[in-house]
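Engineer: sequence first, predicted coordinates after that:
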Amino acid sequence: MTSAAVIYFYESVGLFMGLYFLLQFIVLKKKEYLHYSLYLFLLVIYYLCAIPELFFKSPPDVGQTNYCELFKRPVQFMISVFYTLFIMEYLNLKKQSLPLYRIFRFLLVMYTFFALGCFLCNLFGIDYNKVYYLGSIILFPVQLYMVIALFKYKVPYGRFVIWGSINVILGSVMSLVLGIYAAMHPEGPVTNAGSYVPVVFTILADIFLFTIALQRKIADNEKSLVNAAMARQNAVSQERERIITDLHDDVGGGLSSIRMMSDLMVQQEGSANYSTGHLSFAAKISATAKDISQRMNTIIWSLNMENDSLSNFAEYVRHYGVAFFEDSPIQFVYSTEPAHLPDIQLSGGQRKNLFLIVKEALNNILKHSGATTANVQISVIDKRLTITVSDNGKGLHTDNSFGNGLKNMEKRMKEIKGTFRIHSDNGTFIVVTLMLP
């Protein structure tokens, strides 16, 4: 295959792939496709300017200005600009590696400066061939460092860009050497078109590698979307099961108690103890209905995503504690550290489990501790949430009701991947901790 045939083949492939990636950009709206498309189009234009003898009977010019010579080197550096932009977008360097992002941004400025400098020198007829060849040689270690940096930082999908860039750099160096030789020996065996054959082959290999990388990235993105959809579906299913369980255990159990007490009231009607029994069951029904209402409020509160902030949770705990001890001899003390809690989000499951632990602890204080004060402290230090519920009562009890409550607390903290501790020292201290995002 002659050098002309190689160039013609590349031009057709480059034009076709440029249109393909432009369509990908129009459909997917991803900037890396636009930058790669412009990179390929500029390569096609560059070889039109660099090897005009293959495409034109005479160089296109107006007056004394040869457009091929005017735009050849500026287009060459603009090719590097769009290839660098492509790498930055494709590898998402701004998020994946800020040091690499800054290096590539510096290269963008440098390539743009060189493109403008070459255009102005061409426009005003300034001879800068020696400076150009020297600068091209100096750029080689800079581009090599760029590739080494990609190895160092191990950016996802970077290996495709690395091997593609290595191929293009080596091809560019070979073509540069052949180009210098062809310029120094016009009658030698290396023609102008022949000097570009190495870099054309390596660019074709780079297009092939990027096409593979593109398919791999699309496949990975589709897999991530499928996994995310499945995770959301599982989360919805778990939340549905949790709601069903909560309604069955909390509301269903309370309604059963109300029904049993109502049946007993009916059975006692007409008996000597009817009036006294009626008042006793009525009080129990009222207390049970109040408890059911509070449990329903807790379920609804935990499902409302507007309540997902830590400050909202803390305010809900404070409000509940004040209301819970309102008609009791126990003084409720609430505090936070820092005074203004940070703006951190909690999931509905975390809020619900943490609140039910606090609720169970406060209920034990009221029923079993004999305390005069109940303390709730909520603190956040280094993204570690700590809730301490303490009292000044008789200390830890080991009766069955309290023991079951402790087991439930431990179970709830395991469910949200937190820790639970309890100890007695002039009262009872319950401490739960949870790492926040």
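Structural biologist: Happy to help now that I have it. Numbers count the residues shown, from 1 in each chain.
Engineer: CA atoms for contacts and neighbours, from now on please.
Structural biologist: Fine.
Engineer: and stretch 413-430, which residues are buried?
Structural biologist: For stretch 413-430, burial by neighbour count (16 or more other C-alpha atoms under 10 Å) applies to Met413, Ile416, Gly418, Thr419, Phe420, Ser424, Gly427, Thr428, Phe429, Ile430.
Engineer: same thing with stretch 168-178?
Structural biologist: Buried-residue list, stretch 168-178, by 16+ other C-alpha under 10 Å: Val168, Ile169, Leu170, Gly171, Ser172, Val173, Met174, Ser175, Leu176, Leu178.
Engineer: pull the most distant pair out of those.
Structural biologist: Spatial extent of the buried residues of stretch 168-178 (C-alpha to C-alpha) is set by the pair Val168 and Leu178 at 15.0 Å.
Engineer: now do the buried residues in the helix or strand containing Ala4.
Structural biologist: According to DSSP states H and E, Ala4 maps onto helix 3-28. Neighbour counts over helix 3-28 (16+ other C-alpha under 10 Å) mark 3-4, 6-8, 10-11, 13-15, 17-19, 21-22, 24-25 as buried.
Engineer: re the thing from before, which of the buried residues of stretch 168-178 fall in helices?
Structural biologist: Val168, Ile169, Leu170, Gly171, Ser172, Val173, Met174, Ser175, Leu176, Leu178 (DSSP state H).
Engineer: ok, the first one - contacts?
Structural biologist: Going back to what we said before, that points to Val168. Val199, Thr202, Ile203, Asp206 (C-alpha atoms under 8 Å, 6 or more residues apart in numbering).
Engineer: now with 7 Å?
Structural biologist: Residues near Val168 by C-alpha atoms under 7 Å, 6 or more residues apart in numbering: Val199, Thr202, Ile203.
Engineer: quick one: pLDDT of it?
Structural biologist: pLDDT recorded at Val168 is 78.
Engineer: rewinding a little: could you dump the ones in helices among the buried residues of stretch 168-178 to TSV with distance to Leu366?
Structural biologist: Shown next, in TSV, are these (distance: C-alpha to C-alpha, whole Å):
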residue	distance to Leu366
Val168	77
Ile169	77
Leu170	79
Gly171	81
Ser172	81
Val173	83
Met174	85
Ser175	86
Leu176	86
Leu178	91
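Engineer: between those residues, which is closest to Lys284?
Structural biologist: When those are ranked by distance to Lys284 (C-alpha to C-alpha), Val168 comes first, at 83.6 Å.
Engineer: show me what the lengthiest helix in the chain is packed against.
Structural biologist: Using DSSP H, we find that the single longest helix of the chain is helix 197-246. Here helix 197-246 touches helix 3-28, helix 158-184, going by 3 or more C-alpha pairs under 7 Å, 6 or more residues apart in numbering; DSSP states H and E.
Engineer: so how far is the shortest one off the chain centroid?
Structural biologist: In other words, helix 3-28. Centroid separation between helix 3-28 and its chain, computed with C-alpha atoms, centre = their mean, to the nearest Å, is 33 Å.
Engineer: name the SS class of Phe332, please.
Structural biologist: Using DSSP: H, G, I helix; E, B strand; the rest coil, the structure places Phe332 in strand.
Engineer: mind listing what it touches?
Structural biologist: Phe332 touches Gly321, Val322, Phe325, Thr373, Ala374, Asn375, counting by C-alpha under 7 Å, 6+ apart.
Engineer: ranking the contacts of Val168 by neighbours, who comes first?
Structural biologist: Ile203 (23 neighbours; other C-alpha atoms under 10 Å).
Engineer: re the thing from before, among the buried residues of stretch 413-430, which are located in helices?
Structural biologist: Met413.
Engineer: hmm, which of the buried residues of stretch 413-430 is lowest in pLDDT?
Structural biologist: Ranking these by pLDDT, Ser424 lands last with 83.
Engineer: who is it paired with across the strands?
Structural biologist: Thr428 (DSSP bridges).
Engineer: isn't it right up against Gly395?
Structural biologist: Yes - with contact defined as C-alpha atoms under 7 Å, Ser424 reaches Gly395; the gap is 5.2 Å.
Engineer: quick revisit: save the helices and strands packed on helix 197-246 as JSON lines, and put in distance to Tyr128 too.
Structural biologist: Shown next, in JSON lines, are the helices and strands packed on helix 197-246 (distance: least, C-alpha to C-alpha, whole Å):
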{"stretch": "helix 3-28", "distance to Tyr128": "27"}
{"stretch": "helix 158-184", "distance to Tyr128": "14"}
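Engineer: ok so, going back, buried ones among the contacts of Phe332?
Structural biologist: Neighbour-count burial (16+ other C-alpha under 10 Å) is assigned, among the contacts of Phe332, to Gly321, Phe325, Thr373, Ala374, Asn375.
Engineer: how about the buried residues of stretch 413-430 in CSV, adding distance to Leu139?
Structural biologist: Converted to CSV, these look like this (distance: C-alpha to C-alpha, whole Å):
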residue, distance to Leu139
Met413, 58
Ile416, 54
Gly418, 54
Thr419, 57
Phe420, 60
Ser424, 71
Gly427, 74
Thr428, 71
Phe429, 67
Ile430, 65
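Engineer: dump stretch 10-25 to PDB, keeping only the CA atoms.
Structural biologist: Only the C-alpha atoms of stretch 10-25 are listed here, as PDB (Å, rounded to 0.1, in the frame of the first residue of the first chain):
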ATOM      1  CA  TYR A  10      -7.200   7.600   7.000                       C
ATOM      2  CA  GLU A  11      -9.000  10.700   5.700                       C
ATOM      3  CA  SER A  12     -12.100   8.600   4.900                       C
ATOM      4  CA  VAL A  13     -12.000   6.800   8.300                       C
ATOM      5  CA  GLY A  14     -11.400  10.100  10.100                       C
ATOM      6  CA  LEU A  15     -14.300  11.900   8.400                       C
ATOM      7  CA  PHE A  16     -16.700   9.000   9.000                       C
ATOM      8  CA  MET A  17     -15.700   8.500  12.700                       C
ATOM      9  CA  GLY A  18     -15.800  12.300  13.200                       C
ATOM     10  CA  LEU A  19     -19.400  12.300  12.000                       C
ATOM     11  CA  TYR A  20     -20.200   9.200  14.100                       C
ATOM     12  CA  PHE A  21     -19.000  10.800  17.300                       C
ATOM     13  CA  LEU A  22     -20.700  14.100  16.500                       C
ATOM     14  CA  LEU A  23     -24.000  12.100  16.200                       C
ATOM     15  CA  GLN A  24     -23.200  10.500  19.600                       C
ATOM     16  CA  PHE A  25     -22.800  14.000  21.100                       C
END
